[in-house]
Each structure stands twice: as structure tokens, then as C-alpha cells.
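1. got a predicted structure here, sequence first:
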Amino acid sequence: MVAYPPHLGMLGSTRELFESRGVLFKIIPFNGVYRGLRYPEAYTEAERRLLGEQVEKSPDPLARTLNRQWQEFGGESPGGALCHMGEMYAKIHCDGLVRRCCHKETETLGLITDPGLRLYDEARPCPAARCACWKAMKAGSYEAKAGELWQSPRHPRWEA
Ligand code: SF4
């Protein structure tokens, strides 16, 4: 469930509904603009507390682990660090544009219809001033949490 600000009031009941049926429930911070405010940075203290409480109420240890790290959305400077985004991951936008990750300050790889479109061969430096991605794949720190992020210790790209 995307924690879209107007939907926060139903977050608890929705989580309980899904988890009572054994469905892994992920709480994804909203990344976008609502009423002129840029989220997830614009969540109020009360909203952040609510998100945190719902994460901790989950009876599923995997859901708690996943959701805890996704709530760390303060953002930090990648400082040009090497990131596997673009090598192991890309975001395809609705107009066909393929970007290295969700962040608009990072490189585009081309259009999904380009015959020559391909991922990077290795991790590359991040050009963004700030990264608020809860799935950032920064080389050196990503590897330890890969299994939890993707629910598999092995990424399909590595398999390939
Ligand atoms: S560090 Fe963050 S902003 Fe930079 S490429 Fe990785 S995910 Fe994207």
C-alpha cells in the first residue's frame, strides 16, 4: 500500500485485513506531490509516527524488516558513490523512457523501444545530490540487505 497522505487513516485497518489472510503487507512511502508538498519529505511528525507504529504492529518479521528500512526516507547525499541501479534495476516510465532509478537527477538509459537499450555492465557513480530511495543499491552496503529487499538472496541479474 502506498502511504498516500489522504489514505493514511485506513492504513491500519487495511494492513490488518491483508495480514489476517496471510498476505505480506508492504507500506511504501508516497514519492510525489500532494497539495503542493513534496513527499515523502513532507510527512508530518504525526504521520511518520503512524507509519512507524503500523510497521511495528505487523506480526510478520519479514514485513517488519522490509517496512522498517522503507521508512528511512530522510535522504542523504550519495556523494558520487557507486550504485548498482542501472546495472541491476531500471525504471520504465509510462512514456517509454527508461531511467536508471526513480530519481530524476540520474541518467536515462533510452527508450524501452530502442533495440540497443541495455543496462550498465557494472555499478556506476551516482550523480544525484540526494537519494531518498529505500531500495538504493549502493555498492558495498547494498549486498548485505539484498536478500531482504528483493526477498531473495540472489538477484535475477546476477543469475543471468
Ligand atoms: S544512489 Fe540513489 S539516486 Fe543514486 S542511482 Fe542509486 S538509487 Fe538512484
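-> Cool, got the structure.
2. part of a helix, is residue 50?
-> Yes: according to DSSP: H, G, I helix; E, B strand; the rest coil, residue 50 belongs to a helix.
3. what kind of secondary structure is the closest residue to it other than its chain neighbours in?
-> Distance criterion Cβ to Cβ, 6 or more residues apart in numbering; nearest residue to residue 50, sequence neighbours excluded, is residue 8 at 6.1 Å. Where C-beta positions appear, they are placed from N, C-alpha and C, glycine not excepted. On the three-state scheme (three-state DSSP), residue 8 is labelled helix.
4. roughly how far is stretch 83-97 from the heart of the chain?
-> Per Cα atoms, centre = their mean, to the nearest Å, the displacement of stretch 83-97 from the mean C-alpha position of its chain is 13 Å.
5. quick check: end-to-end length of it?
-> Its first and final residues considered, stretch 83-97 spans 20 Å by Cα to Cα, to the nearest Å.
6. state the mean pLDDT of it.
-> Along stretch 83-97, the predicted local confidence has a mean pLDDT of 93.
7. give me the contact list for that stretch.
-> With Cβ atoms under 8 Å, 6 or more residues apart in numbering as the test, stretch 83-97 has contacts from 98-102, 106-113, 119-126, 133, 135-139, 142, 155, 157-158.
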